[in-house]
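Peer 1: when you get a sec, could you give me coordinates for this:
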Amino acid sequence: MSSINQGEAQPPQNAGSLAKTVGRNPMRSPLEQLLHALNQPLTGLQCSMEVALAGPRTPEQYVQGLHEGLELTERMRALVEGLREVVDGEKEKHEEPEMNTIDLKTLLREVVDDLEPVAEAKGVRIELDWTGAFSLALNAGRRRLGTVVFRIVESAIGLADAGSVLQIEAGGVTNGDNTNKDEAWIRLEWLAESSGSAFSRAELGLLVAQAGWEHMGAHWERQRTENLETVTVRLPLVT
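Peer 2: Numbering: from 1, shown residues only. The predicted model follows:
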């Protein structure tokens, strides 16, 4: 992985010319992409029911059809939950933001600790590097910020190749660091599974995370170079 174990984490730069944007249509909003994804299990469920009713079938075939229908229903349930989270974020977007001083390092460490068993079950090792300020003034509530951080890390674990490393670099930069912007940033990098599906729960979870970050005013970038994927979010600080 390109940035693992190369010293202190630094604020990520914009992607180079080799990076390719991931996604079926990056011009669509996360909500539009989730709505599009909802059609796939609905179509599959409809086809499964039509096949079951088309003619006589064995008990085993009916059982198989029921299992397929149950799997598609569970996928739709996950999609609806994601859509609800995005819609709730849309509501919060139009409310007066509340400035909070948040220890982002502690919050991220708590999320990583909570998801460590999930990563171990997948065979993914998490490495976390931090640079810059810890306590940052953000237009975000700690609970809401914790939710979107959890979503993005959980989804990255789901998309990472078994036996690989999920590298998480994060920090906060201020005027004292000779930068033009005051911002918090988080960058995740992982080797992607070759069999990843655009409609997997991890991909859909990443769309929900993207919507949550963007509702808080963050800039979201996702790139892929061969099988190496990176997601970077930058959240402006209150000045």
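Peer 1: for the residue most central in space within the chain, phi and psi?
Peer 2: When CA atoms, centre = their mean is applied to the chain, the residue found nearest the centroid is residue 206 (2.7 Å). Torsion angles at residue 206 (phi, psi; degrees, to the nearest 10) stand at phi -70, psi -30.
Peer 1: that one against residue 154, yeah?
Peer 2: No. With contact defined as CB atoms under 8 Å, residue 206 does not reach residue 154; the gap is 9.2 Å. Where you see a C-beta, it was placed from the backbone N, CA and C, and this is true even at glycine.
Peer 1: the strands in this protein, which residues?
Peer 2: With DSSP state E as the definition, the chain shows strands at residue ranges 20-21, 100-103, 125-132, 135-138, 165-173, 183-191, 219-225, 228-236.
Peer 1: can you redo the ones you listed as a markdown table with mean pLDDT and mean neighbour count?
Peer 2: Shown next, in a markdown table, are those (pLDDT from 0 to 100; neighbours: other CB atoms under 10 Å):
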| stretch | mean pLDDT | mean neighbour count |
| --- | --- | --- |
| strand 20-21 | 36 | 12 |
| strand 100-103 | 84 | 15 |
| strand 125-132 | 91 | 17 |
| strand 135-138 | 81 | 19 |
| strand 165-173 | 90 | 23 |
| strand 183-191 | 92 | 22 |
| strand 219-225 | 90 | 16 |
| strand 228-236 | 92 | 21 |
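Peer 1: for those strands, give me JSON lines that also has distance to residue 60.
Peer 2: Shown next, in JSON lines, are those (distance: least, CB to CB, whole Å):
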{"stretch": "strand 20-21", "distance to residue 60": "44"}
{"stretch": "strand 100-103", "distance to residue 60": "55"}
{"stretch": "strand 125-132", "distance to residue 60": "42"}
{"stretch": "strand 135-138", "distance to residue 60": "56"}
{"stretch": "strand 165-173", "distance to residue 60": "41"}
{"stretch": "strand 183-191", "distance to residue 60": "39"}
{"stretch": "strand 219-225", "distance to residue 60": "41"}
{"stretch": "strand 228-236", "distance to residue 60": "40"}
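Peer 1: give the other helices and strands that the longest helix seen in the chain contacts.
Peer 2: When the chain is parsed with DSSP state H, its longest helix is helix 59-93. With contacts defined as 3 or more CB pairs under 8 Å, 6 or more residues apart in numbering; DSSP states H and E, the packing partners of helix 59-93 are helix 30-54, helix 201-215.
Peer 1: and with 10 Å instead?
Peer 2: With contacts taken as 3 or more CB pairs under 10 Å, 6 or more residues apart in numbering; DSSP states H and E, helix 59-93 sits against helix 30-54, helix 142-159, helix 201-215.
Peer 1: how is the protein partitioned into domains?
Peer 2: Annotated domains of the chain cover 31-92, 98-236 [automatic domain parsing].
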